[in-house]
Structure formats: C-alpha cells, structure tokens
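Participant: got a sequence here, can you build the structure:
(chains A, B and C)
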Amino acid sequence: MNQNLETRFAAARSAFISKQFRLNPMQLQACMATEGPLLLLAGAGSGKTTVLINRVANLLRYGCASDSAEVPVGISEGDMERLKAALRGEGSADEDIHRLCALRAVKPWQVLAITFTNKAAGELKERLAAKLGPEANDVWAMTFHATCARILRRDADRLGFGKSFTIYDSADSQSVMKRVLKELELDEKSFPPRQVLAACSRYKGALLTPDEFVAQEERSGDIRRKRTAMACAAYAKRLKDADAMDFDDLIYFAVILLRDCQEVREYYQQKFRYVLVDEYQDTSHLQYELCKLLSGGYRNLCVVGDDDQSIYKFRGATIENILSFQKEYPDARVIRLEQNYRSTGNILDAANAVIANNTARMGKNLWTQAGKGELLYEYVAMSEDDEADFVARTIQQSGRSPKDFAVLYRTNAQSRSIEQALKRRKINYRIFGGTRFFDRAEVKDILAYLCTVANPTDETRLLRILNNPPRGIGAAGVEKAQTLARREEKPLFDILRNATVFPELGRSAGRMQEFADMITGLQNDLAQGMPLDEFYDKLIEKSGYIRALEDKHSDEELARIENVHELKSSIVKSVEENQGGDLYAYLDEVALYSDIDNYDENAECTVLMTMHAAKGLEFPVVFIVGADDGLFPSALAIGDQSEMEEERRLCYVAITRAKERLYICEASQRMLYGRTNSYIRSRFIDEIPPELLESHDLRSRRQAESRCYEERDAYAPRPKQRTGGYASSTVRVTPPKSAAAKPKTVLSTPAVPDYKVGDLVEHSAFGVGTIAKLTPMGGDALVEISFEGVGTKKLMLRVAAQHMKKK
DNA sequence: ATCATAACGCTTTTT
DNA sequence: GCGTTATGAT
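Facilitator: Numbers count the residues shown, from 1 in each chain, chains lettered A, B, ... in the order given. Below you'll find the predicted structure:
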C-alpha cells in the first residue's frame, strides 16, 4: 500500500536492530547479514565469537529482519512512530517493539553452529545461554564430529550400522589396523599403520568406497599402493563387522547418509535454516561437503575463518575451502574483521610482519587502537634447562599471578624441561596434551566394559576386557573362539555367549560363558532403566576389576582405583549436565573429548600447551619456547614451501595469543631424542622487525670470549636472504667425537668398540656371525650382522657390543 | 601369568 | 631419553 512507509519502516527497523548490539561497524554488518552465503574473514582477536553469539541472538530475536526489505503486512504510521520513539530512546523499547521488528524469527533448533573443538562449542553454548537464557540450549552448537555422531545415531541403520555403533579413537584405529596388517601378512615396517590409516583418510576424503579405492589403486600398477588399499578395505570391513566407526568415518558416513538418503537430507535441510561454521580454514574436503549438504535447503551458510590461522593441513584440512568459497558461492558476501582487541601494537606488528612472508593468503592486516605496548623479548638460552629456568624465573619475578602466563611449544616433548623448572620454583602449572585421563589404561578398561555392554559386537573393546582382570581365559582359548566366530560368520560375542556348546573351547568355555552372562546381565539392568551410577557400581562389582587391583597394594594400584572412581563422577556429572543423558550419550562425549576441553581459565596455574592447542585462547603473557630452526619451524617442513607456510601460520597463531607481553625463547643447544644438537634461531624471529624486539642474546658476549672455539660457526649470524637447499645445514648434529666436542660427552658414553665390516663376531643371543654393514649414526652405529642359521640382524653397535666379542 | 630384558621408534600438531 | 612392544624366562 504505502511504498514510502514500507521503505522508511525497513530502514528504521534496521537502525533499531543495530542499536541492540554493541559492536563495531564491521562486526555489526556480519551480525546483520543473515541471508545467503557469507564469508566472514575474522582475524585473530577480532571478536569473532562475540559476532557469532550476537548473530545467533539476532536470528532468534529478529529472524531475517535485519537483512530484508520485507515488511509485515498492515504496518501503520502509528507503528512507525512508536519505532522512531524507541530509536530516539524515548520510553523503554518494550517487547512489543521487538516483536514489531521481528521477521520470521528462528527457533533455536533451526540453527546449527559447527565448531572444531569441544571447547569452542562449549564456549559458544555458554555465552549463548548467558545472553539468551535456557532456550539457547536447543541451538545445535557442537563439533563436526559430535554433529555427525548425532545425525548417525538417528539413522545409521540406513547404512547397515546399528544405532548403538561404537566410536573408535585413534588408539583403537591403530590397534585394529595393526591386526589387519598382521593378518594380511604385511610387514609393519614397510606398511606403517599410520600411513595406511592416512590412506584410509584419503579415500574417504575423495568419497570413494573401499572397493572403488582398491580398484583405483590396482590400476596404478604399484603393488605397494594396491596392498595398502587392500589393507584399507580390510580395515573398513573390520570396523563394519564390529559396528564401529572411527573419527573419519563419522564425517564420511554422515556425508554419505545425507547424500544418498533423500529423506534424511530433506529433514535436515528443512530443519536448519541457518548454518554457521567456525574455523572454516581448518575444514577438510569432506567437512566442506557436509556443510554444503546441511545448508542446502535455505543456503544460509555463514563460514567464519582466518586463512592465516589454518594449521591443520596435516589432518586433511584444505585452505582451498576458504580461498575458493567465493567461487563456490558467487553471490557470497565477504566481510573482514581486522580490528584486533586483544594484543598490543608491537605484538600485532610482529605477527603481521611474519605472516606477510606467506604467499597463499587472502590478504588482511590486523590493526589496533591500543598502544604499542612493550617490546617483544628474545631470550637466547644456552640449553633447554636454561631456557626453562628463564621462563620460571620470569614468572616468579613478575609479581603476577601464574595464570597470566602461557608457555607454548611446538611439540609435547618439549614440556618436560619447562615442567621441571616450574616445579623447582614452585609455580603452579597445568599441562595440556599429555596423557589424557581417558587414555589411562584402567580408564580405558572400564570404558571398554561400558562399550561392550552398549555394543557387544565390537571385538576390539571386547578383547581388551575378556581376560582383564584375569579370569583364566588364555590367549589360546581366545584364538579358538575367534576362529569359530569367523567360521560361523558371527560376532565373537555370540560364540562366548554359547561357549559351552563348542567342545573345542575346552576349559575356557565355562569362563567365557560366565563372562558373556555377566555382560548380558548388565545389558538387562540397563534396559530396565537402572540409574547409571548404580549400574556403574554393579559393573565394577561383577567384573571384579577393582577387586583385582586391591589384591596388590602398590601406590600405582591405588592411583588406578582412584581413577576408576573418578570415572564414575565423570559419568554422574555428564548425566546431570545433559538431563536424560544415557550411556550412549556419555560414551559419545568421552570418545570425542579432548584434554583442552577442561581448561579452566580461573585456575591459578600457568598453562603449558602446544601452539596448536592454544588456538582460540589468549593470555596476558605468552612464552614461545623452542624458537630454534629445525624445531620451529620443524625440520620436516624446511625445504617445502607449503609446509613452511603452514609453520609460519602456526607462528602467527602463537604470537597473536599474547595480549600484553610476548617472550620468544630459543636455546643454542638442546637435547632431543637423547642427543644434543646445536640450533640457530628460528627464521621466524628474523622475520620480526628488529626494532620490535629486545634481544637478550648472551651469545655475542660468549662468542667474543671464545673466538677460538671451532664450534662458533653454529652461532654465526645467518644471512638474511637465503636460497633453497638449506635443509641439511640448519640443524647441526654435534659430531660425537670430533675435536671440538666437550670432553664431558666423551666421558659419559663408553667408547664404541672398533668393529669393521667383515669382522667375525660371537653374540650371546644369536651366535656366530659376520658384520655385513656398518652405518654410523649419531654417536653410535647401525650394524648389520649375518648370523649363521639365524639370518641378518640389524643392531645398534653400542648395545650389541655388550653382548658380543670378536672372534 | 608375570616379569625382565632388549629393540625400536618417536616427536609435529587433534577429533 | 623415554615409553612401548616383542620375546623369552620363571
């Protein structure tokens, strides 16, 4: 009717909605651009999560109103006046005004927000609940894997899985693969399980079936590739028979389900009006397919990411997803968030300078209104212990709370020296990424019991507990039962359940039967609705697990018993948190749980973690330790352009974790893999403009004092511009017995006996043999000795020499 | 069944 | 250097 009124109303409405959010102009745009595909390039510390929260709030409150010219029918001048009054701030904007401004408001369960880590999902949920109240709990905010698990739990039967399928963690995958390789008689050395599993990931990423993959690899004519593919296929069959899925499978089968099953696809495409994907730069091809399928109904797909923070290529992430989003969605809008609210100017300048060396970028420059702040601080230590003590000392002398500090390193192995130093100075700390609680043997045992009750078809978990605690079922008996299972083409559990029927099982039969009856009994208890905590106690009782531990009373067993009890509290907690949570929900949660998830920012602890784990976190003061070339960047990446760029992105992530102060530490010598190496400063430090960096390099002094030392070239300044081929020169392995080596090293290690090729030796275990080959390795040597009647053995000379003599 | 010894490999990073 | 695994001895 009144065109003019409608236009004015839409404009006023938009103005009103934008006043509901306290955001900067770019953030506001991102929050209000609700319709259609949107690429949100959010730099580190640019308030990305805040935008996500507000965006969801906007959707729930006002629907598509902020991004639409459409006006409800029957708008009057009176409505217009009320809206204008509200805009001027006259009278409080009551519910009426909000309702007036809403256009097809969205229900919480129509929003899907996918994250990478449980921690990110948890933060999202928490902040949504704080802003929106309990209705926020119905928003689907979860990780990729949890999303897929939830979808599959509903419809996995359409793919031939049971609904109570088991989720395998990487350790499970590894052990299944090892067994598969053994059965196919493939040597683990020429077919490393890790690599075969990587091949599995690849075919799943290409959405091939195992058979298609085998056919494809057959065509390559390469026998190795063919065998690898066959192992992959056998592994897939194994999992299917066990009614189990690994991490990759969750995504893979979810995509297949959505792709092939119209009914399911349409259900979710109708359901999810808005899909948001966080950390889009870390998505794999498969995850991209998943996002496309899930958002295919309304096409309201908002992806948030930072191409400069893509650090999971090794896990199949492809930066192409974000780089080509605009190609895939030509109508996509792109919004950049470049204002940083986290770090000081100097820290940001350093981060920008480092990342500028990358070529595969969309281009983006963070800026801040904050002041320059303090300079970055470089500390060059003599050893890793010196480095660690510098960290501890600095924390101790700072007068700040230990929780203000984070120590970031490239590999988990680096945590030990830091840990010791902090312990010495009595600084509270917490490490992430070591052995997770859920990875402890006793916890895995109990979880295996729970999994077996939930899904007895799963052989991996069943075998773990069948004779644990010992109940007199020997390896031979298990073997026989497995053979029977294969012959009858039935799950192993079926054989155990009817064990007494098979005479060939001999004495084990009764015990197997007993075991199976116990599991069946527990299943019945669960089916009859026994509360989980009571069920847990009964399981512990019936299995005799704790009883077996109690029989020995060492400290270790006591700690284990503690852990078994702690697991119970974890179950109780989970049930409380997700009301009505059953055993399956708990097992899903555990399977997809990671260490970082229970990071408590309020604990009075300094935090130690890898740079990868630190993504998404921030700390007032950050130490980057181990900034040595060959360690960071990793020696494996040096020489490869794209891997170097990934390392550099990791460096960018690490630098931008710091709010106020950044220390970068390196050690000119450090022990790694039991060997002392010399290192030079990371090339990434060279990429930081020197004026941003306060350098405490004691080397220059030392160098002046000891000009005569031959080793000093390890400390020589590096040429600024380098051409390729530096891989071998970067990490210098200290020559074991060269003139320059420290006498200490020589004294602490016994001299390597003087053997040479052709020598006849007698070994206490292998008998008489001839040395066929000698390969010097570090301070030791690899010897190949061909023993009479035993064959050729590869031994480390230093160890072997203790058991043999020359003949 | 449990322990002891020796070999081996691992160090990228996570769901 | 350390932890895991394989093997063999008790």
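Participant: helix or strand for the one residue in the stretch 501-650 of chain A that gets nearest to DNA strand C, just tell me which one.
Facilitator: Taking CB to the nearest atom of the strand, DNA strand C has its nearest neighbour within the stretch 501-650 of chain A at residue A:556, 12.3 Å off. Every C-beta, even on glycine, is put in place using the N, C-alpha and C of the backbone. Using DSSP states H and E, residue A:556 sits in helix A:555-577.
Participant: leaving out sequence neighbours, find the closest residue to residue A:482.
Facilitator: Computed as CB to CB, 6 or more residues apart in numbering, the closest residue to residue A:482 that is not its neighbour in sequence is residue A:492, at 6.1 Å.
Participant: the one you found touches residue A:480, doesn't it?
Facilitator: No - using CB atoms under 8 Å, residue A:492 makes no contact with residue A:480, being 11.0 Å away.
Participant: more crowded one of these two?
Facilitator: Between residue A:492 and residue A:480, residue A:492 has the larger neighbour count (other CB atoms under 10 Å), namely 24 against 18.
Participant: tally of neighbours for residue A:218?
Facilitator: As a burial measure, residue A:218 scores 14 neighbours (other CB under 10 Å).
Participant: helix, strand, or coil at it?
Facilitator: What DSSP: H, G, I helix; E, B strand; the rest coil gives for residue A:218 is helix.
Participant: quick one, what contacts the closest residue to it other than its chain neighbours?
Facilitator: Spatial nearest neighbour of residue A:218, excluding adjacent residues (CB to CB, 6+ apart): residue A:226 at 5.2 Å. Applying CB atoms under 8 Å, 6 or more residues apart in numbering to residue A:226 gives the contacts A:214, A:217-218, A:220.
Participant: quick one: buried ones out of those residues?
Facilitator: Neighbour-count burial (16 or more other CB atoms under 10 Å) is assigned, among those, to A:214, A:217.
Participant: what does the next helix or strand after the helix holding residue A:556 contact?
Facilitator: Using DSSP H and E, the next helix or strand after helix A:555-577 towards the C-terminus is helix A:583-591. Helix A:583-591 is contacted from outside by A:146, A:149-150, A:153, A:164, A:166-169, A:438, A:447, A:450-451, A:453-454, A:526, A:532, A:535, A:570-571, A:574-575, A:578, using CB under 8 Å, 6+ apart.
Participant: can you list the strands that the helix or strand just after helix A:583-591 pairs with?
Facilitator: Using DSSP H and E, the helix or strand that follows helix A:583-591 in sequence is strand A:606-610. In the sheet, strand A:606-610 lines up against strand A:405-409 (parallel), strand A:429-431 (parallel) (DSSP bridges).
Participant: chain center to the shortest one, what's the gap?
Facilitator: Mean-position distance between strand A:429-431 and its chain equals 18 Å (CA atoms, centre = their mean, to the nearest Å).
Participant: with respect to burial, which of the strands paired with strand A:606-610 scores highest?
Facilitator: Most buried of the strands paired with strand A:606-610, by mean neighbour count (mean count of other CB atoms under 10 Å): strand A:405-409, with a mean of 26.
Participant: quick one: that one to chain centroid distance?
Facilitator: The answer for strand A:405-409 is 18 Å, by CA atoms, centre = their mean.
Participant: can you check stretch A:127-145 too?
Facilitator: Centroid separation for stretch A:127-145 versus its chain: 22 Å, with CA atoms, centre = their mean.
Participant: which residue does chain A bring closest to DNA strand C?
Facilitator: Counting by CB to the nearest atom of the strand, chain A gets nearest DNA strand C through residue A:674, at 2.5 Å.
Participant: quick one: contacts for the closest residue to residue A:592 other than its chain neighbours?
Facilitator: Sequence neighbours aside, residue A:145 is the residue nearest to residue A:592 in space, at 5.0 Å (criterion: CB to CB, 6+ apart). The contact partners of residue A:145, taken as CB under 8 Å, 6+ apart, are A:247, A:250-251, A:592.
Participant: same thing with residue A:26?
Facilitator: A:335-339.
Participant: and these, which is closest to DNA strand B?
Facilitator: Of all the contacts of residue A:26, the one with the least separation from DNA strand B (CB to the nearest atom of the strand) is residue A:337, at 23.9 Å.
Participant: may I have the phi/psi pair for that closest one?
Facilitator: Backbone torsions of residue A:337, given as degrees, to the nearest 10, read phi -110, psi 110.
Participant: just to revisit the earlier point, of the strands paired with strand A:606-610, which is nearest DNA strand B?
Facilitator: When the strands paired with strand A:606-610 are compared by CB to the nearest atom of the strand, strand A:405-409 sits nearest DNA strand B, at 8.9 Å.
Participant: now the first helix or strand past that closest one going along the chain: how far from the chain's centre is it?
Facilitator: Downstream of strand A:405-409, the next assigned helix or strand under DSSP H and E is helix A:415-424. A distance of 24 Å separates the C-alpha centroid of helix A:415-424 from that of its chain, computed with CA atoms, centre = their mean.
Participant: near residue A:529, how many other residues are there?
Facilitator: 8.
Participant: my read: residue A:504 touches residue A:479, true?
Facilitator: No - in this structure, residue A:504 is not within contact of residue A:479 by CB under 8 Å, at 11.0 Å.
Participant: write out the residues of the stretch 101-250 of chain A neighbouring DNA strand B.
Facilitator: Neighbours of DNA strand B within the stretch 101-250 of chain A, by CB under 7 Å from any atom of the strand: A:116-119, A:143-146, A:169-170, A:189, A:192, A:247.
Participant: restricted to strands, list the residues you listed.
Facilitator: residue A:143 (DSSP state E).
Participant: and the two most separated of the residues of the stretch 101-250 of chain A next to DNA strand B?
Facilitator: Comparing all pairs in these by CB to CB, the longest separation belongs to A:119 and A:189, at 37.5 Å.
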